[in-house]
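Visitor: Sequence plus predicted model, see below.
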Amino acid sequence: MSEIKRVVSIGAHSLDAELLGGPIMLKYAKDGAHCTYIHVTQGRLEDPNAAEEAKRDYLQQLLEQNKCAAKKLNGDTIWLGYVSSNMPSLEEFSLRLEQYFADEKVDLVITHWRGSMHPRHINTHDAVTNAVKRLRERGSSIRLVYGETFEDLVGFIPQAYFKLEPEEIEQWFTGLREYSVFRGEINDFPYNDYYSTIGKVRQIESNNNGFTVAYMYASLIENKLW
């Protein structure tokens, strides 16, 4: 892992980047890599009658949770400034990411797989993949993998497995618990139970001897097996 010095995980919403990239970025951070959790959009209050002040407070709460989670995961964080109602065109989005990757000399990008139930996950996948593909065509060695979330499982094929040590598991979940949605305060999806269980499932299928996470290669970009 030592050749990877700059890593970013790009999620469509708060919590996505930490779910996608958190486990492997903990390992890179321990080796001295600079790791950044990038959030494309921030969430919004679902109540259509919510006052503007309440909406602002909710946004500020999410931004604070971004920072706290990143700190617990030994990284930093960026919000790209978008909300669901003002997403840019795919080309504009992709070009912005391409410039960022080049400026930051990013070695590895982690993002959503395209087989998702969520349109903004798909949009983020397409923009990131296009940006990386263009950089690779210009000679960059930047690499791309897709992480695993419960919303992006259509066609997701686990290809690279990483065992987490007990302290890494605890650190990852400590970071995830900075989010009120992960703690079950926003909806009733059992985030903790799901991600605890999928780690055991990936352990069994990979024949590892401990909690395991899985990633999928960007096969339309990578031209050799690693």
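Guide: Now that the structure is in, tell me what you want to look at.
Visitor: now for the longest helix seen in the chain, which elements pack on it?
Guide: In the chain, taking DSSP state H as the definition, the longest helix is helix 52-72. Contacts defined by 3 or more CB pairs under 8 Å, 6 or more residues apart in numbering; DSSP states H and E place helix 52-72 against strand 34-41, strand 76-82, helix 166-176. In short, each C-beta sits where N, CA and C put it, glycine included.
Visitor: which of the ones you listed sits most buried?
Guide: strand 34-41 (a mean of 24; mean count of other CB atoms under 10 Å).
Visitor: From the chain's centroid, how far away is it?
Guide: Relative to its parent chain, strand 34-41 has a centroid offset of 7 Å by CA atoms, centre = their mean, to the nearest Å.
Visitor: got the residue ranges for the helices in this structure?
Guide: Using DSSP H, helices in the chain cover 16-30, 52-72, 90-104, 119-137, 166-176, 191-206.
Visitor: beta partners of the residue nearest to residue 8 when sequence neighbours are not counted?
Guide: Once flanking residues are discounted, residue 8 sits nearest to residue 36: 4.8 Å by CB to CB, 6 or more residues apart in numbering. On the basis of DSSP bridges, residue 36 takes part in beta bridges with residue 8, residue 76.
Visitor: Could you tell me the model confidence score at residue 36?
Guide: As predicted, residue 36 sits at a pLDDT of 98.
Visitor: quick one: contacts for it?
Guide: 7-9, 70, 75-78, 104 (CB atoms under 8 Å, 6 or more residues apart in numbering).
Visitor: what angle sits between the lowest-mean-pLDDT helix or strand in the chain and strand 76-82?
Guide: Least confident element among the helices and strands of the chain, by mean pLDDT, DSSP states H and E: helix 52-72 (a mean of 87). Helix 52-72 and strand 76-82 are oriented at 150 degrees to each other (axes from the mean of the first three to the mean of the last three CA atoms, to 10 degrees).
Visitor: residue ranges with poor pLDDT in this structure?
Guide: Applying pLDDT under 70 to the chain flags residues 1-2, 43-55, 224-226.
Visitor: ok, back up a step: what's the angle between the longest helix of the chain and helix 16-30?
Guide: Using the same axes, to 10 degrees: helix 52-72 against helix 16-30 is 30 degrees.
Visitor: Thought residue 38 was touching residue 14, still the case?
Guide: No: look at residue 14 against residue 38 with CB atoms under 8 Å: they stay out of range, at 10.9 Å.
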